[in-house]
Structures are given as structure tokens and as C-alpha cells.
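fold the stuff below for me.
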Amino acid sequence: MSAIEGRHDPSPAHPPRMQALARLPIFLALAGKRALVAGNGAPVAWKAELLAAAGADVAVFAERPCEELRSIPAHLPRAAIALQQRAWRIEDFAGAAVAVGGFEDAAEAERFSRAGRAAGVPVNVIDRPAYCDFSFGAIVNRSPLVIGISTDGAAPVFAQAIRTKLETMIPRGFARWANAARRWRQAVQSSGLSPSDRRRFWQAFAAFAVGNPQREPAPSDLDALLRTTEDQATVAEAGSITLIGAGPGDAELLTLRAVRALQCADIILIDDLLAPDILDFARREAKVALVGKSGRFKAGRFKTGRLQQDEVTLMIALAKGGRRVVRLKWGSSPTSGREEIAACRRAGIAVEVVPGVPVGGARGETERNTVERVSDRVRNWGRLAPIPETPLRACCGWPAARPARRARARRSTSRG
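Numbering: from 1, shown residues only. Modelled structure (predicted):
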């Protein structure tokens with residue numbers, strides 16, 4: 001713990017970074033594995049097809065299979081479905097990766113669930129959550145890009161409505177680009193690019209794919225992206241500074257340019273007057289520090305070693321160390337004058353200014369105090385990037401330094 005954070009007070013308990021989840025979204029690799037399906041009806045047939053689509057070899061047990069089960073193709077593109085006209089048995093669970101059952105009788109559903117759990121096989125019993133170890137959500141399929149949506153069984157129709165909305169928003173061409181990423185990953189890994197350059201490659205890849213969803217990925221695209229990344233590597237080593245106006249501080253009012261900058265940032269310096277869920281847009285490796293008004297490290301007041309530095313000096317020092325620094329400020333203009341930009345440019349640092357949406361009217365301090373602040377969530381978490389009385393290269397998690405834990409203010413459960 002640094003001198004600034006206090007030498008004598010014990011470190012506060014760290015609350016979880018993620019708020020409570022009704023379900024943990026896990027994507028199972030089922031290719032070549034055995035899946036057990038038992039029961040009858042259209043929902044059972046659909047689950048069997050879904051498991052086969054994921055590559056599982058599906059064994060279906062039904063004494064009097066319905067028309068939907070009989071009409072399932074025996075051989076699908078990725079796997080096979082074997083229909084056996086008999087009741088399931090306990091020994092059928094042997095070697096199964098997952099088991100799915102559909103039963104009208106509650107006693108049979110419970111018996112199936114108990115048998116699966118006794119065999120160590122995760123079980124799903126359709127429309128009976130008490131007997132389920134996992135659930136199926138609504139799916140948007142752009143494989144290998146797959147999106148799962150769950151309401152924990154509370155509102156399946158709502159989940160389907162969200163799926164329909166996403167279907168209209170996500171081009172089908174994204175499947176081709178996701179496949180291209182899978183094909184090209186090994187080439188990028190062996191290209192000689194540094195880890196940071198590889199991250200820049202994939203950022204450029206994502207931007208190009210999003211902008212060209214209907215384009216068929218070609219080897220020439222890979223070559224062009226690699227050349228661009230290599231050409232930018234030298235410039236990137238110098239670091240950069242982005243000054244962002246966050247408007248009234250609402251995360252939903254950030255501009256697209258501001259979101260892109262946050263997703264690329266290494267260090268984020270943020271006001272205490274902004275909504276904490278703004279940090280949800282930052283990449284998880286970014287380090288965050290409160291500065292400015294009400295910040296823990298007020299401009300011109302924190303120390304690094306024997307030197308007393310202000311915000312601009314801090315940003316320049318971080319950028320010279322090769323870091324991409326983002327400074328988030330409340331209001332539509334990220335600068336209070338041209339001095340910050342001029343100082344950065346005199347130091348040879350690239351500077352970008354990203355204005356925010358206009359603020360309808362200046363809020364008084366009383367109104368600001370009624371809004372949840374960044375510091376209300378993160379100041380006492382011990383997750384801010386430390387700026388202690390040590391050299392900047394050490395305090396910001398660079399080589400020979402202890403990695404700092406990053407701040408992530410989680411989205412309020414009252415939203416969405």
C-alpha cells in the first residue's frame with residue numbers, strides 16, 4: 001500500500017467485480033461427445049437437433065416416438081442422432097457429457113434427474129427448472145460467433161424477443177469473419193508481432209469486419225492487416241493521449257469515438273463526477289485512477305518520488321512510457337483550455353480530442369451529490385491503478401512492478 005493510500009488503515013474488503021448472476025453462461029465443446037436425450041414431444045426433438053448441431057453424438061430414447069422425433073435426420077452435418085424405441089435406463093448415462101429429458105410425469109422427471117446426477121452427468125429436464133443443472137437460452141447463431149440469451153426461465157418470450165432484435169442487428173456475414181479469425185489466429189501468433197501489436201491487429205481486424213460484413217475474407221485481407229499493424233508498431237510504442245468529454249456523465253450518452261478509445265486504453269484517468277458504469281466500456285486490462293475534482297489524486301497534489309506533478313505531466317509521463325492514456329472529463333469539452341494539448345504536443349505525444357454530447361445545463365453541486373459517483377464504488381475497493389510515491393514505470397504495472405488490480409464499476413441492477 002502506498003503512502004498516499006495510508007500506511008496504517010487495513011485494506012478494505014474487495015467486493016466481487018461482477019454482480020450476482022442468475023446463470024453462468026458457459027459454452028460447451030460437445031464435438032465427438034455423447035449426449036443422452038430421453039422422452040417424447042417436439043421440445044425433445046428440438047433439443048436433440050440442437051445438441052447434434054453442436055457436434056454431439058446424440059442417443060435418443062423414446063418408447064413411442066412422436067412424428068417430430070421420427071423425422072429427425074439420422075445424419076446431420078456435424079454429428080449423428082440415433083433413435084432407440086425403448087425407455088431410458090440408468091446404464092445409458094455411462095459416458096454421456098450431458099443429458100436432456102422431457103417428461104409429463106413429475107416422478108419420471110425426478111428419477112431421470114437423480115440418475116443423471118448420480119452418474120455425474122449434467123442434466124436438463126425441459127420446463128422443470130428444479131431438476132436442471134443447466135438451461136438452454138435463446139440463440140443467435142453466426143457460428144463460430146454464438147450468442148446465448150437467458151432470463152433464468154423467468155420470461156422465455158422476452159428472451160426470444162431479444163433474440164429477434166439481435167438477429168436484425170447482427171449481419172450474417174459476421175459468421176464468415178469469425179471463421180476467418182479462427183483460420184488466421186495461428187498465423188498471427190507466429191507472425192513475430194508483440195502481444196500489444198497482436199492486440200492492435202485484432203482491433204483492426206474487428207473494425208474491418210464490422211465495416212465490411214458482406215465481404216468474403218481473403219488472404220489478401222490478412223496480409224494487409226498484418227502490414228498495417230507492423231507499420232503502426234513504431235508509432236504505437238510512443239504512446240498517445242486521448243482527451244474525452246463525457247457529456248453529462250451518463251454511460252449511454254458516450255459517443256462511438258469515446259467508446260472506441262476506452263476499449264483501446266491502457267490507462268484511464270477519470271473524474272469522480274461521472275457515472276461508474278462508464279468504465280464498463282473499458283477493456284478489462286486497463287488501469288483506472290481518479291483524478292481532478294473529488295479524485296483521490298487531485299491535479300497538482302499527488303507525488304511520484306520527490307517530484308510534484310500535475311495531471312498533464314502525469315499523462316505525458318505515461319504516454320512516453322508507451323501507454324495509451326485516456327482522460328475522461330465531465331462535460332462536452334474535455335479541455336479547459338489549450339494548455340493541455342500544447343504541452344502534450346511539445347513533448348512529442350500524439351493527442352486526440354473527443355468532444356462529448358452537449359450538457360443541457362450545468363448541474364449544481366447539490367444535484368451532483370445525488371448521483372452515484374465513480375468513487376462511491378471504486379475508491380474504497382483497492383482496485384484503482386496505484387500512483388504511489390514510486391517511479392511511474394513501477395507504479396503503473398510495468399516490468400518489475402506488482403500488477404495493479406483494475407477498477408471495474410459494474411452496471412447497476414436497476415438498468416435493463
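
which residues in the stretch 1-150 of the chain form strands?
34-39, 57-61, 81-84, 96-102, 123-125, 138-142, 145-149 (DSSP state E, counting those that start in this stretch).

ignore what I typed, I meant the stretch 151-300 of the chain.
240-245, 267-270, 287-290.

so which of those strands is the most surrounded?
Most buried of the strands of the stretch 151-300 of the chain by mean neighbour count (mean count of other CB atoms under 10 Å) is strand 267-270; its value is a mean of 27. Placement of C-beta: from N, CA and C, glycine included.

that one packs against which elements?
Secondary-structure packing of strand 267-270 (3 or more CB pairs under 8 Å, 6 or more residues apart in numbering; DSSP states H and E): strand 287-290, helix 311-320, strand 324-329.

I'd like the ones you listed as JSON lines, with mean pLDDT and distance to Thr229 appended.
As requested, those are exported to JSON lines (pLDDT from 0 to 100; distance: least, CB to CB, whole Å):
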{"stretch": "strand 287-290", "mean pLDDT": "83", "distance to Thr229": "24"}
{"stretch": "helix 311-320", "mean pLDDT": "85", "distance to Thr229": "20"}
{"stretch": "strand 324-329", "mean pLDDT": "87", "distance to Thr229": "15"}
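
nearest to Gly137, of those?
strand 287-290 (31.6 Å; CB to CB).

show me the shaky parts of the stretch 251-400 of the chain.
Within the stretch 251-400 of the chain, the segments meeting pLDDT under 70 span 292-309, 332-337, 359-400.

mind running it again at 80?
In the predicted model, the stretch 251-400 of the chain carries pLDDT under 80 at residues 271-277, 284, 290-311, 330-340, 357-400.

hang on, the earlier thing: now distance to Arg117 too, for the helices and strands packed on strand 267-270, in a markdown table please.
Listed next are these as a markdown table, based on distance: least, CB to CB, whole Å:
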| stretch | distance to Arg117 |
| --- | --- |
| strand 287-290 | 43 |
| helix 311-320 | 53 |
| strand 324-329 | 48 |
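
so which of the ones you listed is the most surrounded?
strand 324-329 (a mean of 26).

next, format the strands of the stretch 151-300 of the chain as TSV and append distance to Phe281.
Listed next are those as TSV, based on distance: least, CB to CB, whole Å:
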stretch	distance to Phe281
strand 240-245	11
strand 267-270	10
strand 287-290	12
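
so which of the ones you listed gets nearest Val98?
Nearest of these (CB to CB): strand 287-290, 39.7 Å.

pairing partners for that closest one, with directions?
Applying DSSP bridges, strand 287-290 is found paired with strand 267-270 (parallel).

which residues touch Gly116?
36, 93, 99, 122-123, 133 (CB atoms under 8 Å, 6 or more residues apart in numbering).

can you check Glu167 too?
Val140.

what's the distance between Ala96 and Val123?
Distance, Ala96 to Val123, using CB to CB, to the nearest Å: 10 Å.

cool, Phe103 as well?
12 Å.

overlap of the contact sets of these two?
Phe112.

closest one to Ala87 among the strands of the stretch 151-300 of the chain?
The nearest among these, by CB to CB, is strand 287-290 at 57.8 Å.

can you show me the CA trace of that closest one as PDB?
Presented in PDB, the C-alpha positions along strand 287-290 are these (Å, rounded to 0.1, in the frame of the first residue of the first chain):
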ATOM      1  CA  LYS A 287      -6.000   0.500 -15.100                       C
ATOM      2  CA  VAL A 288      -8.100   3.300 -13.700                       C
ATOM      3  CA  ALA A 289      -7.300   6.200 -11.400                       C
ATOM      4  CA  LEU A 290      -9.500   9.000 -10.000                       C
END
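
how far does that strand sit from the chain's center?
19 Å (CA atoms, centre = their mean, to the nearest Å).

and if you look at stretch 241-251?
21 Å.

also stretch 20-28?
Taking mean C-alpha positions (CA atoms, centre = their mean), stretch 20-28 and its chain are 13 Å apart.

now the helices for the chain?
42-53, 67-70, 106-118, 156-169, 174-189, 195-211, 219-237, 256-264, 311-320, 339-346, 365-369, 374-378, 392-395 (DSSP state H).

just put those in a markdown table and tack on distance to Ala29.
Output for those, formatted as a markdown table (distance: least, CB to CB, whole Å):
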| stretch | distance to Ala29 |
| --- | --- |
| helix 42-53 | 12 |
| helix 67-70 | 26 |
| helix 106-118 | 19 |
| helix 156-169 | 22 |
| helix 174-189 | 13 |
| helix 195-211 | 22 |
| helix 219-237 | 26 |
| helix 256-264 | 28 |
| helix 311-320 | 40 |
| helix 339-346 | 47 |
| helix 365-369 | 49 |
| helix 374-378 | 36 |
| helix 392-395 | 41 |
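
re earlier: of all the strands of the stretch 151-300 of the chain, which one comes closest to Leu226?
Per CB to CB, nearest to Leu226 of these: strand 240-245, 21.4 Å.

paired strands for that closest one, with orientation please.
strand 324-329 (parallel), strand 350-354 (parallel).

other residues contacting it?
Residues contacting strand 240-245 (CB under 8 Å, 6+ apart): 258, 261-262, 265, 315-316, 319, 324-329, 331-335, 340-341, 344, 349-356.

same check on stretch 124-137?
23, 25-26, 39, 43-44, 47, 50, 98-103, 106, 109-110, 112-113, 116-117, 122-123, 148-150, 152-153, 159.

quick check: Gly321 touching Ile267?
No: using CB atoms under 8 Å, Gly321 is not in contact with Ile267, being 9.3 Å away.
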